[in-house]
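**Q** Predicted structure and sequence below. I'll ask about it afterward.
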Amino acid sequence: MSVLAFDIGASSGRAMLGQLSSRTIEVKEIHRFPNDPVRVGNRLQWDVLRIYHEMKQGLLRAKGQHGLPTSIGIDTWAVDYGLVDRNGELMTNPYHYRDTHTDGVMEQVMKSVPPSEIFERTGIQFLPFNTIYQLASIRQQKPYLLQEAERFLMIPDLLRYFLTGEMANEFTNATTTQLYNPVSGSWDHYLMNSLHIPHGMFHPVVQPGTPVGSLRSSVTEELGIASVPVYTVAEHDTASAVVAVPALDRSFAYLSCGTWSLMGTEVEQPVIHERARELNFTNEGGAYGTYRLLKNIMGLWILQECQRTWEREGLSYSYPELVKMADAAPAFACFIDPDDPLFLPAGDMPKRVREYAARTNQRIPQAEGAIVRCIMESLAMQYRYVLDLTEELSGQKFQGLHMVGGGIHNETLCQWTANAIGKPVWAGPAEGSAIGNMAVQWIAQGELSDIWEARAVIRESFPVKTYEPEDTPLWEDACGVFGQLTRKR
């Protein structure tokens, strides 16, 4: 029973073929492609047609190497979207969430609708690039787009539309817009009306596991393949990653670790109260009636941008080389707050790490290894801080932390995370988003009964490495210093 998962992140995309046989999942990457944004003038945009082209190459490779799958699912990053006109055509290239068109917009929106009311109606954390602020910006700068748009589609909705000709808004991604009301279970027309966002382009939301058409004839004729059914999955890639967390206990904490780090737990009802808003936690939709109480952490983006900066300067380091350099650098010499706005835009990240150190009266790291160590130690300590807050808000005590995603290949970060939280870290699977995507397809087809059977099969199919905490007193002291420097304590 093979299925095809298109797992598309903020830096690369993959076509992954999964086969389920005798309670064992086998996964094979059949196509990988870069997902680089394109800067045109002052705008940073997604090359969404290139992404679609690469998806078709994935279909061709699936046909040529393994035969067509029984179904297809797509997961991507959140918040970004496309607008489709009455002729069914994409109106403009989607903006990248790191584009500057939302600068200052969140603060303007809060003057029209108080933050407490926005959070009460959506349960979503305040991030300057949330879809609500992107649309408010378009309303100011290009109002004709909203006036002429027939449909609003998040990125996986849009790619699915390209493949099938069918339009649907999927639940897990819809909740990230900060325009979806989890209490009413529908788009929040009050917020849309308050910000003059036309709500006619938002259609009813469908759940993961919903059949949403098959490959359209133009695709099958172009590629010379038969039509294949397409399902919605948990289309926010973090939601798919959480499906794949191989937890045995129904009370668990997870960290989806990649360009972004997303830490939280699975809850049956959103946690919407003043303390959650104060801590800027979010309640994003999950699969099968769940919510993800979590917090976004800047993640390995900071390290990736350092790597790109050094490459531009002629210093080409592989990722393992950077980690090895960090291992050799002095411990606890300097800390940053990974979530400081300084680190959100693309740019010269080593310079910004030094700026943060100078601003907080710390020793300024100069060598590449010292900068990498500063970033990785700070991430581990931020994970400790957010895990503590997750326990507070959820009323749960976690025995350890499940880490999934590509970031678990960084074994040093996994170990330092265990050291910082003082609890075991269970790392795996690395392909969490793609595997969760596949699991929802198998559940929809009746091959797996529910999410908990899927998690049991995932745990049996993929190795999970345990990291026990080490040097606990040293890390406790360092976490205290980190908290004081970053004003988290």
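**A** Looks like it arrived, so ask away.
**Q** Report whether residue 30 is found in a strand, as I expect.
**A** Yes: counting by DSSP: H, G, I helix; E, B strand; the rest coil, residue 30 is located in a strand.
**Q** out of everything not next to it in sequence, what's closest to it?
**A** residue 61 (4.7 Å; C-beta to C-beta, 6 or more residues apart in numbering). (Glycine included, C-beta is placed from N, CA and C.)
**Q** Residue 243 now?
**A** Leaving aside its chain neighbours, residue 243 sits nearest to residue 436 (3.3 Å; criterion: C-beta to C-beta, 6+ apart).
**Q** Now residue 162, what are its backbone angles?
**A** In terms of degrees, to the nearest 10, the main-chain angles of residue 162 are phi -60, psi -40.
**Q** pretty sure it is touching residue 53, no?
**A** No: using C-beta atoms under 8 Å, residue 162 is not in contact with residue 53, being 9.9 Å away.
**Q** Of the two, which one has the most company?
**A** Between residue 162 and residue 53, counting by other C-beta atoms under 10 Å, residue 162 is the more crowded of the two (22 against 13).
**Q** The more buried one: what's it in contact with?
**A** residue 52 (C-beta atoms under 8 Å, 6 or more residues apart in numbering).
**Q** Can you show me the helices along the stretch 201-350 of the chain?
**A** Using DSSP state H, counting those that start in this stretch, the helices of the stretch 201-350 of the chain run over residues 217-223, 237-243, 274-278, 301-312, 319-328, 349-359.
**Q** between the ones you listed, which gets nearest to residue 13?
**A** Ranking the helices of the stretch 201-350 of the chain by proximity to residue 13 (C-beta to C-beta) places helix 237-243 first, at 10.5 Å.
**Q** Distance from that closest one to the middle of the chain?
**A** Centroid separation between helix 237-243 and its chain, computed with C-alpha atoms, centre = their mean, to the nearest Å, is 8 Å.
**Q** next one: stretch 129-146
**A** Centroid separation between stretch 129-146 and its chain, computed with C-alpha atoms, centre = their mean, is 22 Å.
**Q** for it, what is the average pLDDT?
**A** Summarised as a single mean, pLDDT over stretch 129-146 is 97.
**Q** residues in contact with that stretch?
**A** The contact list for stretch 129-146 (C-beta under 8 Å, 6+ apart) reads 79-81, 83, 91-92, 95, 97-98, 101-102, 105-106, 108-109, 118, 124, 154, 176-179, 191, 195-198, 201.
**Q** Enumerate the positions of it that are buried.
**A** 129, 130, 131, 132, 133, 134, 135, 136, 137, 138, 139, 146 (16 or more other C-beta atoms under 10 Å).
**Q** One more: stretch 481-489?
**A** Under 16+ other C-beta under 10 Å, the buried positions of stretch 481-489 are 482, 485, 486, 488.
**Q** so which strand or helix has the residue nearest to residue 243?
**A** Assigned by DSSP states H and E, residue 436 falls within helix 432-444.
**Q** Please export the C-alpha coordinates of that helix as PDB.
**A** What follows is helix 432-444, C-alpha atoms only, in PDB (Å, rounded to 0.1, in the frame of the first residue of the first chain):
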ATOM      1  CA  GLY A 432       8.500  13.200  10.700                       C
ATOM      2  CA  SER A 433       6.500  15.500   8.400                       C
ATOM      3  CA  ALA A 434       6.500  13.100   5.500                       C
ATOM      4  CA  ILE A 435       5.700  10.100   7.600                       C
ATOM      5  CA  GLY A 436       2.800  11.900   9.300                       C
ATOM      6  CA  ASN A 437       1.600  12.900   5.900                       C
ATOM      7  CA  MET A 438       1.600   9.300   4.800                       C
ATOM      8  CA  ALA A 439      -0.100   8.100   8.000                       C
ATOM      9  CA  VAL A 440      -3.100  10.300   7.500                       C
ATOM     10  CA  GLN A 441      -3.400   8.900   3.900                       C
ATOM     11  CA  TRP A 442      -3.300   5.300   5.300                       C
ATOM     12  CA  ILE A 443      -5.900   6.100   8.000                       C
ATOM     13  CA  ALA A 444      -8.200   7.700   5.300                       C
END
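**Q** ok, and what's touching the helix or strand just after that helix?
**A** Using DSSP H and E, the next helix or strand after helix 432-444 towards the C-terminus is helix 451-461. Applying C-beta under 8 Å, 6+ apart, the external contacts of helix 451-461 come out as 20, 23-26, 243-248, 250, 287-288, 429, 435, 439, 442-443, 448.
**Q** Identify the residues contacting the closest residue in space to residue 39 that isn't next to it in sequence.
**A** Leaving aside its chain neighbours, residue 39 sits nearest to residue 45 (7.8 Å; criterion: C-beta to C-beta, 6+ apart). Contact analysis of residue 45 by C-beta under 8 Å, 6+ apart lists 37, 38, 39, 93, 94, 95, 96, 99.
**Q** Which pair of these spans the longest distance?
**A** Pairwise distances across the contacts of residue 45 (C-beta to C-beta) peak at 13.9 Å, for the pair 39 and 94.
**Q** Thank you, goodbye.
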